[in-house]
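Peer 1: just a sequence and a predicted model for now, questions to come.
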Amino acid sequence: MSQPFPFSAIVGQDEMKLAILIAAIDPTMGGVLVLGDRGTGKSTAVRALAALLPPMKAVVGCRYSCDPADTHARCEDCPSLKGDGTKVRSHLVPVPVVDLPLGATEDRVVGALDLERALSQGVKAFEPGLLARANRGFLYIDEVNLLEDHLVDLLIDVAASGENVVEREGLSVRHPARFVLVGSGNPEEGELRPQLLDRFGLSVEVRTPDDLPSRVEVVKRRDAFERDPDAFAGQWKAEDEKIRKRIVSGRKRLNDVQITDEARTRAAQLCMALGTDGLRGDLTLIRAARALAALQGDKAVNDSHFRRVAAPALRHRLRRNVLDDSGSTARVQRAVTELMGA
């Protein structure tokens, strides 16, 4: 496995890095959509974070890396892997980061009949697809706005249920498929379907650095990494370790972070002021603020957390306003200022 670029060495792109950290603290957030220029570190940040995360426990021999502690998310294979019948054997595996190519077939994504075993042994067996490999990890889709419609529909269903169901070629298989969906793309190359756009918990915008020192520093670090990846990673090991500890601590604190009725009212007022459809915006705003509080070690959600997560949680949920030609980010920031002050 090649050495990933250190997460802490990524220059700028603070909103993107924060959104990915929040998704790591609370994977139920709904994933992260990263829109912006090419070559701005979108895929680099995802792989860097996955390398930061501590290994996860998985059932030994399970093709879907099921969590031995989660009895509700077990696949159909796990009951036969219990060993002596009293305790499931587990081992540590790295958090998966799976790429979903634009040209992938549906069989490759959801899984299909294992033709090799069918022809050689005459056995109908299931060959897991990309969704199985991504279970409990990250599913990364570059140029997600160019993804074919039938795959978009499939992802919407799986993202909503957390389960992949395959009914074809005499097979009937269902297995857990819970992953953090991370999509990236350039808005100039095509818009994302509203149904999928709404499924992303957070949406962030990235831009090419427009100040000279930042551009020079990006090139300097990338060049150093490509010349000697191990040495460069060693220079940033201590900083990455600090982030890893924050993630681990944040996950432990997440359920203890208090959300008062006043905070819930604040979130609802902001969403009403912006005219967001449905209640998914309210829920995402609360969850993102809670995850941020856990990451920072705060005991309760307050306005400072809402200020930082409001734009990524709500900018992609706004209706177009023909009377207001300002961008969605500016509209969110204006509403936050009017409600919570500067």
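Peer 2: Perfect, I can see it now. In this text the structure is predicted, and so the values were computed from the model without any measurement.
Peer 1: please enumerate the helices of the stretch 51-200 of the chain.
Peer 2: 106-110, 115-121, 130-133, 149-161, 194-197 (DSSP state H, counting those that start in this stretch).
Peer 1: which elements pack onto the third one?
Peer 2: Secondary-structure packing of helix 130-133 (3 or more CB pairs under 8 Å, 6 or more residues apart in numbering; DSSP states H and E): helix 106-110. C-betas here are computed from N, CA, C, even on glycine.
Peer 1: same thing but at 10 Å, please
Peer 2: If you count contacts as 3 or more CB pairs under 10 Å, 6 or more residues apart in numbering; DSSP states H and E, helix 130-133 packs onto strand 97-99, helix 106-110, strand 111-113, strand 138-142, helix 149-161, strand 163-168, strand 171-176.
Peer 1: and those as JSON lines, adding distance to residue 244 and mean neighbour count?
Peer 2: Converted to JSON lines, these look like this (distance: least, CB to CB, whole Å; neighbours: other CB atoms under 10 Å):
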{"stretch": "strand 97-99", "distance to residue 244": "16", "mean neighbour count": "19"}
{"stretch": "helix 106-110", "distance to residue 244": "31", "mean neighbour count": "18"}
{"stretch": "strand 111-113", "distance to residue 244": "32", "mean neighbour count": "20"}
{"stretch": "strand 138-142", "distance to residue 244": "16", "mean neighbour count": "24"}
{"stretch": "helix 149-161", "distance to residue 244": "27", "mean neighbour count": "15"}
{"stretch": "strand 163-168", "distance to residue 244": "30", "mean neighbour count": "16"}
{"stretch": "strand 171-176", "distance to residue 244": "25", "mean neighbour count": "18"}
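Peer 1: of all those, which one is nearest residue 211?
Peer 2: strand 138-142 (26.4 Å; CB to CB).
Peer 1: give me the neighbour count for the residue nearest to residue 197 when sequence neighbours are not counted.
Peer 2: Spatially, and ignoring its direct neighbours in sequence, residue 197 is nearest to residue 316 (5.5 Å; CB to CB, 6 or more residues apart in numbering). Neighbour count of residue 316, defined by other CB atoms under 10 Å: 22.
Peer 1: returning to what we had before: weakest of the helices and strands packed on helix 130-133 in terms of mean pLDDT?
Peer 2: The weakest mean pLDDT among those belongs to strand 111-113, with a mean of 76.
Peer 1: partner strands of it, parallel or antiparallel?
Peer 2: With DSSP bridges as the test, strand 111-113 is paired with strand 126-128 (antiparallel).
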